[in-house]
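Undergrad: Need coordinates for the below:
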Amino acid sequence: MIYNIFIFSLLFSLTCFAVQDIPKTGNKNNVKNDIDQKSFITRETTDLFTRRYGKSAIIRLLYIEKTILVLKEASLYKKLSTIDQLINRIHFMPDSKQWHKQNYWATPLEIIGTNYGDTEDIALLKYILMLKVGIHPKDIQLIQKQKPFKRRYKTYQENISLVYFRKDYVPLVLDYTYRGGKIYKYKDQFKFEFIVKSPNRIWNIITKEEVTNRDIDKLLNYIK
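TA: The predicted structure is shown next:
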């Protein structure tokens, strides 16, 4: 119920923002073979997901799905801001604690189901949802900041964010800040490296120049 209220208030509040200096784009979806969908999470997936993660998790998943479907025809800023703030509701937990592994790239459903992830997981989930709302894969990129991530008096060397790039515009940074954060322009605040390889083959989508709607839905429904 709390998550439901958050989604509604988030979508309402974003319509009130006075936005300046954000690149304008049309409503054309840049992902190949896109179709008009009323849902993209299959019945088989929801049944298995519910059995594995419980009722509160399926509510979370279905509201994320509903929010993404509403965003398909939204402005660029609303797409970026809504996805950024929505996914920043997920709690932080390092891979070593959650998965007892180093550098584990969780699937979208693992992140949503557990409601936990590290900065890499958060950025990956934002990435795939941005593809789903029609942002071109060439316009968004995962980066590793050369700046530690601090959370609850602890410091983590891995600090991954998502950047929206346009050749004719200053890059926009989407960080992980629990229950908050704002998109901001990159103006050499930190050094970074691009992430161009995935240790988990299901995330090879980040290396593809052309991504189909089927590719995206396959990843969003992938459950072990």
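
Undergrad: low pLDDT regions in the chain?
TA: 1-36 (pLDDT under 70).

Undergrad: Taking the chain centroid, which residue in it is the extreme one?
TA: residue 153 (25.1 Å; C-alpha atoms, centre = their mean).

Undergrad: Wasn't residue 62 part of a helix?
TA: Yes: under DSSP: H, G, I helix; E, B strand; the rest coil, residue 62 sits within a helix.

Undergrad: which element is the most centrally placed residue in the chain on?
TA: The centre of the chain sits closest to residue 126, judged by C-alpha atoms, centre = their mean, with a distance of 0.8 Å. Taking DSSP states H and E as the definition, residue 126 sits inside helix 119-132.

Undergrad: Count the residues that sit near residue 39.
TA: Number of residues near residue 39 (other C-beta atoms under 10 Å) recorded here: 12. In this view, the C-beta of every residue, glycine as well, is placed from N, C-alpha and C.

Undergrad: Helices of this protein, start to end?
TA: For the chain, the helices defined by DSSP state H cover 2-14, 43-53, 55-71, 76-87, 95-98, 108-114, 119-132, 213-220.

Undergrad: that older thread, mind listing what's buried in the helix holding residue 126?
TA: Neighbour-count burial for helix 119-132, with 16 or more other C-beta atoms under 10 Å as criterion, is recorded at 119-132.

Undergrad: got the CA positions of that helix in CSV?
TA: The C-alpha coordinates for helix 119-132 follow below in CSV (Å, rounded to 0.1, in the frame of the first residue of the first chain):
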residue,chain,number,x,y,z
THR,A,119,24.8,0.7,-7.1
GLU,A,120,25.4,-1.5,-10.1
ASP,A,121,22.1,-3.3,-9.8
ILE,A,122,20.2,0.0,-9.4
ALA,A,123,21.9,1.4,-12.5
LEU,A,124,21.2,-1.7,-14.5
LEU,A,125,17.5,-1.8,-13.5
LYS,A,126,17.2,1.9,-14.5
TYR,A,127,18.9,1.1,-17.8
ILE,A,128,16.6,-1.7,-18.9
LEU,A,129,13.5,0.3,-17.9
MET,A,130,14.7,3.3,-19.9
LEU,A,131,15.1,1.1,-22.9
LYS,A,132,11.5,-0.1,-22.3
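
Undergrad: Quick one: residues in contact with that helix.
TA: For helix 119-132, contacts defined as C-beta atoms under 8 Å, 6 or more residues apart in numbering pick out 31, 40, 64, 68, 79-80, 83-84, 87-88, 90, 92, 103, 105-106, 108, 111-112, 117, 137, 140, 142, 149, 156, 158-162, 174, 176, 203, 205-206, 211, 216, 219-220.

Undergrad: That's all I had, so thanks and see you.
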